[in-house]
Structure formats: C-alpha cells, structure tokens
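# Make a model of this:
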Amino acid sequence: MAQRLALQRLLALPTRGPLASHGRAFGTSAGRRSTFNVQDGSDFQNRVVNSPKPVVVDFHAQWCGPCKILGPRLEKLVAKQEGKVLMAKVDIDDHTDLAIEYEVSAVPTVLAMKNGDVVDKFVGIKDEDQLEAFLKKLIGA
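Here you go, the predicted model:
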C-alpha cells in the first residue's frame, strides 16, 4: 500500500516548472551509460570482469525493500563520478548462477571489482557518506 502511494505521488509530479526540470537533471544520459543491467553470464564477463574501469556490482531483487532504497542512491553517486566507475545491476532471481558464483547469500550485496577481481564488498543498506567512501576507495580518489 505504501509503495502504491509513493508511486502515485511520483507520477503526480508536474511535467513543467522547477520540479520537472530538476527531475530530468537527475536522469542524465551520462548516468544511464555508467549503469547497466546485466543480461546474462556472457554479458557479465564482457562488461564487468573484462572492464578496463572499476565496476560496482549491485546484486538485488525486485521484492527486496532495502534494494529499492540502495539502488537509486548508488546509481546517483556512480553518475557523479563522471565515468570513472561503472555500475552493473544483477537481479538474483534472473541470474542465480552469478549470485552463487559470487557467494551472494543476502540482498542487497554490492561488490567492488577491479581488473576482474573482487576488491571490496558490503551487504545491506548504507548511507550516502559510506557509499561515497566505498566508491572513492574503489577508484583510488
């Protein structure tokens, strides 16, 4: 019920005026390019394991409440990095094999990968300061 109300409020946002332009600024094309949904194991291998850039891998599920909070937070912070880091989203219900391979036992689980190796990891929800520190450590800033 609460999700339905939140969605109704979101859909009721004005399409013109200061709020509308602010909403469009949030979904920049640079943000969309730095975040992608993993399609299959081969896609994961090509775009994550073989990536020349560091990659944040967000293992999530549609039914996971904390994932719905963490995902957009993480996407926003990755977009602010202006291409220094990529974000791969992996739905564990669609890609159980990847979840098993990377020992994901709870969602959300977030991996930091560099040169195909897992260099850091956390499970659960984090605030923006913790997420920024996680990203800075990954990109070496």
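# where's residue 38 relative to residue 135, distance?
19 Å (Cβ to Cβ, to the nearest Å). Glycine gets a C-beta too; all of them are placed from N, C-alpha and C.
# If you could redo that for residue 103, that was the one I meant.
When residue 103 is compared with residue 135 (using Cβ to Cβ), they lie 22 Å apart.
# How about residue 42?
Relative to residue 135, and taking Cβ to Cβ, residue 42 is found at 27 Å.
# Same question for residue 45.
Distance from residue 45 to residue 135, by Cβ to Cβ: 23 Å.
# again with residue 100
26 Å.
# Looking at residue 45 and residue 135, which is more packed in?
When residue 45 and residue 135 are compared for neighbours, residue 135 comes out ahead with 22 against 14, by other Cβ atoms under 10 Å.
# Wait, that one touches residue 75, no?
No: at 11.6 Å, residue 135 does not count as touching residue 75 under the criterion of Cβ atoms under 8 Å.
# For residue 117, grab the count of nearby residues.
9.
# what does residue 93 give?
12.
# Per-residue pLDDT of the closest residue to it other than its chain neighbours, please?
The shortest distance from residue 93 to any non-neighbouring residue, by Cβ to Cβ, 6 or more residues apart in numbering, is to residue 61 (5.6 Å). Here the pLDDT value assigned to residue 61 is 98.
# neighbours around residue 61, how many?
16.
# show me what contacts it?
67, 91, 92, 93, 107 (Cβ atoms under 8 Å, 6 or more residues apart in numbering).
# same thing with residue 108?
So residue 108 contacts 58, 59, 60, 64, 66, 67, 70, 71, 123, 124, 125 (Cβ under 8 Å, 6+ apart).
# any idea what residue 67 is structurally, helix, strand or coil?
With DSSP: H, G, I helix; E, B strand; the rest coil as the basis, residue 67 sits in helix.
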